[in-house]
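Chemist: Sequence first, predicted model second:
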Amino acid sequence: MNINVCLIDDALIRISKKEELLCEFQIKNDIEKIAPDDVEDNEINLKYFISSMIKDDEITLFGYSNPTFYINNIGNQPFFDVVIYDWDYQPTASTVNPEKELNNLIENSYCFVYVYTLMEDKENTEKINKIKDRLSNRIDYLKKSEENSSNVLIDKINNLKKSNFSAKFANEFRINAFKSIEKILIALSSLDIKKFHEIMGTNNEERKRDLLEFIGEKFKNNIMEMQFTIPNDTAQDIRSLETDESSKNIQSGETNDKQSSTKEIWHYRMYHKINDELVRKGDIYKKDEKNEYILITTPNCQLVRYHENKTFGIINYCVLFDASSLEEKVKELVYHNNDAKAKNTCKPENVYSLIKPIANKESSPFLLPFVLIENDDISLILFPKMYSYKEIQCKKNNAPSEYLKKEEMKELGYSYITSLNEPFLSELIKEIYNKLQGNGVPDYTEDFRIEIENLLRNCFTS
């Protein structure tokens, strides 16, 4: 597996002062300019690091002499898995804000960043550590002046290559994503825009979302066809994250809290915060200043034309309860039957998927686990029988065919939290409707169940 490493350091000015991406060949040919052998230079550790990167066949090295050059060329340069970032830019420090540029770099590109610098004053060190604390899973900090710092940096990159999921498979994901996009473009290349809109019915502002959903669905289907192979050592690499002291820093977020990581991964898989103004099926809202939540169940096709009286101004939802602060009357619905002597009916060991009920009851609730709200997480209990609705009247300044907006929910006192992803959403909605309508046939009598038991015992025993 090859990874791309980008060195951002003003020592590269000695090779080129232009706003250009230096390739490995250029850096290799002029490496003596960085720290000449016959001159004492405090960049000797950097020179050794560069030499080691060039010798590594699994690493391709690039470089910029200024972080602004990197930011200016995002989208017009290779993808970099690792960035080695100098903080001190002398004598042009007045023109570079290293803190601002590092934040821009992190926010606008996927990469792991190692701040590797000679700067050691207290003020800037505090700035670096503040960013590191906020983004510890993507940033680490090393001082060039420390003995053996170049070897430490090299070891960190090697551990990253070996054990980090994103670093290991980034190129494979990117290649297949590009292939997916190319397939879509090829399939639609025979149509002009006007013809496409006429065929798909997406020739107005109201239906533009249909176009995005169509393209997104084809993209997803193409990605599902990718030949994704996990190397034999990956399982061992992942397990080693919990025991290998040398890999506890950047790739594991400086934590081996397995429980926390499990929650974060599953939250990422199950939920997604959509940053636009539409209300959608699967949205989760919180009642302002109250411990009340709802899950929207109205179909998107009705929400998109909500104010066209397609729903008579009514939105459907299921009530959700915060599992950490359930009222006694809610607990009783799960934990007790009408018979006071009945055993506890809650069966947490049975909850091995979203649509497995948490109790042995016909109308048992479901659990939506670990929904992130700001920096905390909550789990929500959904009772299918608590299916309800609200009436939201069309605003006078709204066009008749406008979709329902989040701001209208906000005016009712409901703030958007997140949305439930597929395939979880469709299956959960189906289970809710199944619970509402009920299903089943008459139970067998005791005598007949004995006959059935004897029949099956004879069939499956030798």
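Modeler: Structure's in. What do you need? Bear in mind the structure is a predicted one, so any value in this text is a computation, not a measurement.

Chemist: State the distance from the most centrally placed residue in the chain to Thr68.
Modeler: In the chain, the C-alpha closest to the average C-alpha coordinate belongs to Tyr268, at a distance of 4.6 Å (CA atoms, centre = their mean). For Tyr268, the distance to Thr68 (CB to CB, to the nearest Å) stands at 32 Å. Every residue, glycine included, has its C-beta placed from N, CA and C.

Chemist: for Thr60, helix, strand, or coil?
Modeler: strand (DSSP: H, G, I helix; E, B strand; the rest coil).

Chemist: count of neighbours near the residue lying closest to it once chain neighbours are set aside?
Modeler: Nearest residue to Thr60, sequence neighbours excluded (CB to CB, 6 or more residues apart in numbering): Asn4, at 5.2 Å. Close neighbours of Asn4, defined as other CB atoms under 10 Å, add up to 19.

Chemist: Let's verify the residue nearest to the centre of the chain: helix, strand, or coil?
Modeler: helix.

Chemist: Tell me, what's the model's pLDDT at it?
Modeler: On pLDDT, Tyr268 comes in at 84.

Chemist: Over to the one 10 residues further on?
Modeler: At Leu278 the predicted local confidence, pLDDT, stands at 85.

Chemist: Isn't Val82 up against Ile8?
Modeler: No: at 11.1 Å, Val82 does not count as touching Ile8 under the criterion of CB atoms under 8 Å.

Chemist: who's more crowded, these two?
Modeler: Taking neighbours as other CB under 10 Å, Val82 and Ile8 compare with Ile8 leading, 28 against 24.

Chemist: Correct me if wrong: the more buried one contacts Asp88.
Modeler: No: look at Ile8 against Asp88 with CB under 8 Å: they stay out of range, at 11.7 Å.

Chemist: Break down the stretch 1-150 of the chain into its strands, ranges please.
Modeler: Remark: strands assigned in the stretch 1-150 of the chain by DSSP state E, counting those that start in this stretch are 3-8, 59-64, 82-85, 112-117, 139-143.

Chemist: Include distance to Asp210 when you put the ones you listed into TSV, please.
Modeler: Output for those, formatted as TSV (distance: least, CB to CB, whole Å):
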stretch	distance to Asp210
strand 3-8	37
strand 59-64	41
strand 82-85	39
strand 112-117	38
strand 139-143	40
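
Chemist: tally of neighbours for Asp155?
Modeler: If you count neighbours by other CB under 10 Å, Asp155 ends up with 13.

Chemist: Tell me, what's the model's pLDDT at it?
Modeler: Per-residue pLDDT puts Asp155 at 90.

Chemist: Now do the helix or strand hosting it and strand 59-64, the angle between them.
Modeler: Using DSSP states H and E, Asp155 maps to helix 149-163. If you take axes from the mean of the first three to the mean of the last three CA atoms, to 10 degrees, helix 149-163 sits at 120 degrees to strand 59-64.

Chemist: so helix 149-163 versus strand 139-143, what angle?
Modeler: Counting by the same axes, to 10 degrees, helix 149-163 lies at 160 degrees to strand 139-143.

Chemist: buried set for helix 149-163?
Modeler: The neighbour-count check on helix 149-163 (16 or more other CB atoms under 10 Å) flags 149-150, 152-154, 156-163 as buried.

Chemist: Quick check: what element follows it along the chain?
Modeler: Per DSSP H and E, helix 149-163 leads on to helix 165-188 as the next helix or strand towards the C-terminus.

Chemist: Now do whatever helix or strand comes next after that next one: which elements does it pack against?
Modeler: Following helix 165-188 in sequence order, the next helix or strand is helix 193-200 (DSSP H and E). Of the remaining helices and strands, those touching helix 193-200 by 3 or more CB pairs under 8 Å, 6 or more residues apart in numbering; DSSP states H and E are helix 208-224.

Chemist: Mind giving me the packing neighbours of the helix it packs on?
Modeler: If you count contacts as 3+ CB pairs under 8 Å, 6+ apart, helix 208-224 packs onto helix 165-188, helix 193-200.

Chemist: Please point out which parts of the last one sit buried.
Modeler: Which is helix 193-200. Buried, per 16+ other CB under 10 Å, within helix 193-200: His197.

Chemist: how distant is that helix from the center of its chain?
Modeler: Centroid separation between helix 193-200 and its chain, computed with CA atoms, centre = their mean, to the nearest Å, is 33 Å.

Chemist: Over that helix, what's the mean pLDDT, rounded is fine.
Modeler: The model assigns helix 193-200 a mean pLDDT of 77.

Chemist: could you check the angle helix 165-188 makes with that helix?
Modeler: Relative orientation of helix 193-200 versus helix 165-188 (the same axes, to 10 degrees): 90 degrees.

Chemist: Sketch out the low-pLDDT regions of the stretch 51-200 of the chain for me.
Modeler: 90-94 (pLDDT under 70).

Chemist: can you pull the contacts of Ser65?
Modeler: By CB atoms under 8 Å, 6 or more residues apart in numbering, the residues touching Ser65 are Ile8, Asp9, Asp10, Ala11, Leu12, Ile13, Ile15, Ser16, Lys17, Leu22.

Chemist: repeat that for 7 Å
Modeler: For Ser65, the contact set (CB atoms under 7 Å, 6 or more residues apart in numbering) comprises Asp10, Leu12, Ile13, Ser16, Lys17.

Chemist: Buried ones only from those, please, as a PyMOL command.
Modeler: Filtering these down to the buried ones (16+ other CB under 10 Å) takes a single PyMOL command:
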select buried, resi 10+12+16
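
Chemist: TSV please, covering the contacts of Ser65 and showing distance to Leu436.
Modeler: TSV is the format used below for these (distance: CB to CB, whole Å):
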residue	distance to Leu436
Asp10	66
Leu12	66
Ile13	69
Ser16	69
Lys17	70
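
Chemist: of the contacts of Ser65, closest to Phe424?
Modeler: Leu12 (48.2 Å; CB to CB).

Chemist: from memory that closest one sits against Gly63, does it?
Modeler: Yes: under the contact definition of CB atoms under 7 Å, Leu12 touches Gly63, with a separation of 4.9 Å.

Chemist: residues shared between the contacts of those two?
Modeler: Residues touching both Leu12 and Gly63 by CB under 7 Å, 6+ apart: Leu22.

Chemist: Could you chop the chain up by domain?
Modeler: According to automatic domain parsing, the chain comprises the domains 3-163, 170-254, 271-437.

Chemist: Out of those domains, which one sits most buried?
Modeler: domain 3-163 (a mean of 17; mean count of other CB atoms under 10 Å).

Chemist: Straight-line length of that one, end to end?
Modeler: In domain 3-163, first residue to last residue: 13 Å (CA to CA, to the nearest Å).

Chemist: For Leu46, give its distance to Gly63.
Modeler: Applying CB to CB, the value for Leu46 to Gly63 is 11 Å.

Chemist: contacting residues for Asp9?
Modeler: Leu46, Ile84, Asp86.

Chemist: so which of the helices and strands packed on helix 208-224 comes closest to Leu380?
Modeler: Closest approach to Leu380 among these (CB to CB): helix 165-188, 28.1 Å.

Chemist: Give me the contacts around that closest one.
Modeler: 1, 3, 79, 81, 110, 112, 160-161, 196, 215, 218-219, 222-223, 226, 228.

Chemist: repeat for stretch 145-154
Modeler: Asn42, Asn45, Tyr48, Phe49, Ser52, Tyr114, Tyr116, Leu118, Glu120, Leu142, Lys143.
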